[in-house]
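>>> Quick one, what's the 3D model for this:
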Amino acid sequence: MPTEEPETKSIPKSTRGSGRRLRGAVAHYLGTAIVSGQIAPGEKLTGEIANAEALDVSRSAYREAVQVLTAKGLVESRPKAGTRVLPRSRWNILDPTVLAWAFSAEPDVSFVRDLFELRSVVEPAAARFAAERRDKDDIKAMKDALAGMRRHTLATEAGRAADKAFHDALLRATHNDAMIALSASISAAVSWTTEFKQRSRALPRDPVPDHAKVCDAIAAGDPEAASAAMQTLVELALEDTRSVM
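Below you'll find the model as predicted:
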């Protein structure tokens, strides 16, 4: 492991493989440790040889995993200085993989707050634009996703996939390429917070009716109602998340 704390352990055999799979397992292990705070910003990862041996992987797999972390802004490698964890402000925190690492364990409270603040800015505005610009295909996509949420419920993987599809469809309905570019990040944030809320108990309420209100307002072409409904949806989701943290 790259630092004194936590204790080093090898990558589980079940995650082993060749090439991309093993690199991904190492990146996940290190990325989770960094994002969770086990390896703090500013700390130096121990040498490549030592880490590769400690994690029981090849040097090339370890090196490739560090390249993944570097691309996501988590670490920086310099000749002779080694590899250090960068400040959180440098991390690509909206990268879906970084979000997955953040929710692999107990996420940082401020990190969750930041995600919901972003959602509270972006999604109500997106709902407003969607109500003004949506076409019949957009409405169909949202209604199909809503039907999937009702059929499967958000307690299932299929239901959460439908939830993701709903938020993707809403952002596409803005017909704003900059907002659409955020769809992977917003959807990942929605999906991981929803799954996190159910780790210790069932969802405290059914969020599907809140989504239906957003969908109905967009379909009706009512920007004010769509924005207000989405704002309420995000606020209630934040309350639910706080209740389990």
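>>> hey, let's count contacts and neighbours off CA atoms from now on
Fine.
>>> Now Ala102. Nearest residue, chain neighbours left out?
Nearest residue to Ala102, sequence neighbours excluded (Cα to Cα, 6 or more residues apart in numbering): Val35, at 5.6 Å.
>>> That neighbour against Ser104, yeah?
No. Contact criterion Cα atoms under 8 Å: Val35 and Ser104 do not qualify, at 9.5 Å.
>>> Could you check how far Glu195 is from Ala105?
Remark: distance between Glu195 and Ala105 (Cα to Cα, to the nearest Å) = 12 Å.
>>> the more surrounded of the two?
Higher neighbour count among Glu195 and Ala105: Glu195, with 16 against 13, using other Cα atoms under 10 Å.
>>> Please name the residues that touch the more buried one.
Listed by Cα atoms under 8 Å, 6 or more residues apart in numbering, the contact set of Glu195 reads Ala155, Arg160.
>>> quick one: contacts for His28?
His28 is in contact with Trp101, counting by Cα under 8 Å, 6+ apart.
>>> What about Met179, how many residues nearby?
17.
>>> give me the element it is part of.
helix 177-180 (DSSP states H and E).
>>> which of the residues in stretch 237-244 are buried?
Buried residues in stretch 237-244, counting neighbours by 16 or more other Cα atoms under 10 Å, are found at Ala237, Leu238, Asp240, Thr241.
>>> what's in contact with that stretch?
Under Cα under 8 Å, 6+ apart, the answer for stretch 237-244 is Phe116, Thr193, Phe196, Lys197, Ser200, Leu203, Pro204.
>>> Could you rerun that using 6 Å?
Outside stretch 237-244, the residues within contact range by Cα atoms under 6 Å, 6 or more residues apart in numbering are Lys197.
>>> C-terminal to the helix-or-strand element of the chain with minimal mean pLDDT, which secondary structure element comes first?
Lowest on mean pLDDT, DSSP states H and E among the helices and strands of the chain sits helix 48-54, with a mean of 78. The first helix or strand that comes after helix 48-54 along the chain, using DSSP H and E, is helix 59-71.
>>> Buried residues, the helix or strand just after that next one. List them.
Counting by DSSP H and E, the element after helix 59-71 in chain order, helix or strand, is strand 75-78. Buried residues in strand 75-78, counting neighbours by 16+ other Cα under 10 Å, are found at Val75, Glu76, Ser77.
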